[in-house]
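A.B. asks: kindly generate the corresponding structure for this input.
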Amino acid sequence: MGSMALASALCLSITPAQADGGGGGWTGTVPAPPVPQDDGIWSTAEKIAEFLASCGQDCTFTPTAWVGEPTEGTPTRVGDYRDNCLTENVDFNYGEAETTGESTVVGMSVGANPVSVLPKIEHTWFKQNTASTVTTGTLKPGETGWIDEVSVTRKAKGNWHLNGVDQSNPFAPVNTHNSHGPHDFTDIEGDITYKIIRVQSRPLTPEEYTSRCGNTSPS
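C.D. replies: Sure, this is the predicted structure:
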């Protein structure tokens with residue numbers, strides 16, 4: 001998959017360890033001790049890419065710009081062909097089509113690392129800057145129509161936010177990702193793969209029109 005670039009330096013911070021102040025111990029719930037953020041896990045671009053590719057729902061990705069042009073996969077026909085054997089235009093739509101957004105993102109990668117579990121994705125920008133799914137169209141007399149579903153891969157630049165451990169919840173889960181948060185990574189490049197659904201059509205051949213419509217001409 002595509003390479004990853006960092007457009008700005010990361011600002012790493014060290015969270016000071018908490019102490020009991022010599023007062024004989026904690027009263028109430030003891031918060032999880034913070035993990036130092038300078039232990040080498042983000043020391044190179046490759047390590048950052050590996051970390052983000054595996055942080056899953058502990059991270060939120062907000063795209064900010066497309067980088068480069070989209071690449072389409074092989075289209076897959078969805079449903080049956082629809083023939084217009086009439087002498088006037090007919091509407092053609094796919095009512096069950098998914099709209100561009102969260103449900104259509106099917107994969108990501110950061111650097112050379114496929115994302116194992118998709119992060120949370122901020123879709124406002126994504127919806128406004130992605131080729132729209134087209135689920136309606138018009139078939140002219142003598143045309144056949146169908147629905148294509150196609151995956152599109154495009155490199156995007158954006159910001160990642162790593163959530164920290166919820167200190168207000170004594171039972172909050174702690175893992176190898178959120179124990180290093182909260183933290184923000186800016187201007188990270190990676191590939192997003194999403195799917196779109198679109199209406200396609202073409203004229204019926206004379207043979208197709210005869211066999212499907214029972215006439216020799218759509219006129």
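
A.B. asks: now T71: closest residue in space that isn't a chain neighbour?
C.D. replies: Excluding the flanking residues, the one nearest T71 by C-beta to C-beta, 6 or more residues apart in numbering is T153, at 5.0 Å. Heads up, the C-betas are built off the backbone N, CA and C, glycines and all.

A.B. asks: who touches that neighbour in this structure?
C.D. replies: Residues in contact with T153 (C-beta atoms under 8 Å, 6 or more residues apart in numbering) are 70-71, 73, 107, 191-193.

A.B. asks: what about 7 Å?
C.D. replies: Counting by C-beta atoms under 7 Å, 6 or more residues apart in numbering, T153 touches 70-71, 191, 193.

A.B. asks: show me which of the residues you listed are buried.
C.D. replies: 191, 193 (16 or more other C-beta atoms under 10 Å).

A.B. asks: could the contacts of T153 go into a markdown table alongside pLDDT and distance to S54?
C.D. replies: As requested, the contacts of T153 are exported to a markdown table (pLDDT from 0 to 100; distance: C-beta to C-beta, whole Å):
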| residue | pLDDT | distance to S54 |
| --- | --- | --- |
| P70 | 90 | 26 |
| T71 | 92 | 25 |
| D191 | 93 | 16 |
| T193 | 91 | 18 |
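
A.B. asks: looking at the contacts of T153, which is nearest Q57?
C.D. replies: Comparing these against Q57 with C-beta to C-beta places T193 closest, at 18.5 Å.

A.B. asks: surely that closest one is in a strand?
C.D. replies: Yes. Under DSSP: H, G, I helix; E, B strand; the rest coil, T193 sits within a strand.
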